[in-house]
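A.B. asks: below are the sequence and a predicted model for it; my questions follow.
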Amino acid sequence: MLRNREIQRFVLTQTIICLSSTVLMAIFVSLQAALFLLIVTALVFIVSLYFTKERYREIEKLSSYLRKISSGDYKLDIRDNHEGELSILKNDIYKVTLMLSEQSSYLQQEKIRLTDAISDISHQLKTPLTSMMVMADLLSDPNLNEAKREEFTRNIRVQLERIEWLVSSLLKLSKIDAGTVLFKKDTIYVQELVKKASESVLIPMDIKQQTLKISGDEAVTFAGDFNWTAEALINILKNCVENTDEGGDISISISENALFTEIIIDDTGKGIPKADLPYIFKRFYKGKNAGEDSIGIGLALSYSIITNQQGDIEVKSEIDKGTTFQIKFYKQVI
């Protein structure tokens, strides 16, 4: 404490005042009065030093506390319910500590999420890359017949398309997560939107001899981004097509009320197990009935697109009876 310049000045000033007043008292009054004044001023000086030392001790505690916070220890509690500026400072520091603790926890979760995402992406890329390396080695065999050469070349192209789709989807998801995607607020006619989205699945549906039924009023609209919403519907429809057997049905019904515009997509597929339902919109989640080519990114992208446009999506499913995706775009913020 005595190393502080303010304390040194305080001690010097108090000493000068004490001695000066004692000398003057001795000259103009009496030695007894001077001795009494010296004792009183000395006691006042000692008491002042005592309380100043106590205050400095509290400040040292705060300094130690702040050093622990800077090293990442957020468990200390210095809340003080007494009156005074020092108590207010302690409570303010405690609030800042709580805020830093929450931010640290959030950053830790983000770090874990990023690590998991990198691990998932690496895993998803490793499988097709390994497959392509094997087929490339086989293609280098000069004795390979033409039929096998065409088959391996076609398989490599399929794997490349899969990687391209994965990278493209991940880039879209990262842009949505980062908030850099500006969704338009155009008036979208849902019939037109559904027809546009279904064009992407007409060929695989035709191959599997599936039937598509669209019903609803052509005047049904909502405010949103046409291209992004079409992307969301395409991913859901692809999921329906992949999980519906040959000859199955996929139906889309649209409606509108005062609160929301609704799109319901039904299929007659094999259904989603009850245990998988809470996780099907999570990235890289592959349910028990997922196909070998499933990556688990399409429905996650659809969910992000819909929920970022004041929408919501729910799914209901029964094994061997089919799955229903219920999409709502609300007219007002809820």
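C.D. replies: Cool, got the structure. Numbering: from 1, shown residues only.
A.B. asks: by contact count, what packs against the helix or strand encompassing residue 241?
C.D. replies: Assessed by DSSP states H and E, residue 241 sits inside helix 226-242. Contacts defined by 3 or more Cβ pairs under 8 Å, 6 or more residues apart in numbering; DSSP states H and E place helix 226-242 against strand 186-189, helix 190-198, helix 202-207, strand 249-256, strand 260-267, helix 298-307, strand 322-330. C-betas here are computed from N, CA, C, even on glycine.
A.B. asks: so where do the helices sit in this protein?
C.D. replies: Secondary structure of the chain by DSSP state H: the helices cover 5-28, 31-70, 85-139, 146-178, 190-198, 202-207, 226-242, 298-307.
A.B. asks: could those helices go into a markdown table alongside mean pLDDT, mean neighbour count and distance to residue 283?
C.D. replies: Conversion of those to a markdown table gives the following (pLDDT from 0 to 100; neighbours: other Cβ atoms under 10 Å; distance: least, Cβ to Cβ, whole Å):
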| stretch | mean pLDDT | mean neighbour count | distance to residue 283 |
| --- | --- | --- | --- |
| helix 5-28 | 86 | 13 | 59 |
| helix 31-70 | 86 | 13 | 34 |
| helix 85-139 | 84 | 13 | 7 |
| helix 146-178 | 86 | 14 | 7 |
| helix 190-198 | 94 | 19 | 21 |
| helix 202-207 | 90 | 12 | 23 |
| helix 226-242 | 92 | 22 | 13 |
| helix 298-307 | 91 | 22 | 4 |
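A.B. asks: between those, which one is closest to residue 331.
C.D. replies: Across these, residue 331 has its closest neighbour in helix 190-198 (13.3 Å, Cβ to Cβ).
A.B. asks: by how many degrees do that closest one and strand 249-256 diverge?
C.D. replies: Helix 190-198 and strand 249-256 are oriented at 150 degrees to each other (axes from the mean of the first three to the mean of the last three Cα atoms, to 10 degrees).
A.B. asks: so where's the stretch 201-334 of the chain shaky on pLDDT?
C.D. replies: Along the stretch 201-334 of the chain, the parts satisfying pLDDT under 70 run over 289, 291-293, 333-334.
A.B. asks: how far away is residue 6 from residue 55?
C.D. replies: Residue 6 sits 12 Å away from residue 55, going by Cβ to Cβ, to the nearest Å.
A.B. asks: ditto for residue 275
C.D. replies: Between residue 275 and residue 55 the distance is 62 Å, computed by Cβ to Cβ.
A.B. asks: which residues touch the residue nearest the centre of the chain?
C.D. replies: In the chain, the residue lying closest to the centroid (Cα atoms, centre = their mean) is residue 110, at 6.7 Å. Contact analysis of residue 110 by Cβ atoms under 8 Å, 6 or more residues apart in numbering lists nothing.
A.B. asks: please renumber so the chain begins at 550
C.D. replies: Understood, numbering begins at 550; the last thing we discussed is residue 659.
A.B. asks: my guess is residue 801 contacts residue 762. True?
C.D. replies: Yes: shown here, residue 801 and residue 762 form a contact pair, counting by Cβ atoms under 8 Å, at 7.1 Å.
A.B. asks: the two: which is more packed in?
C.D. replies: Using other Cβ atoms under 10 Å as the criterion, residue 801 and residue 762 rank with residue 801 on top: 24 against 10.
A.B. asks: angle of the helix holding residue 790 against helix 739-747?
C.D. replies: Between helix 775-791 and helix 739-747, the angle comes out at 60 degrees (the same axes, to 10 degrees).
A.B. asks: contacts for helix 775-791, please.
C.D. replies: Outside helix 775-791, the residues that touch it by Cβ under 8 Å, 6+ apart are 721, 730, 732-733, 735, 737, 742-743, 745-747, 749-750, 753-754, 757, 759, 799, 812, 814, 816, 818, 840, 843, 847-848, 850-851, 854-855, 858, 872, 874, 876.
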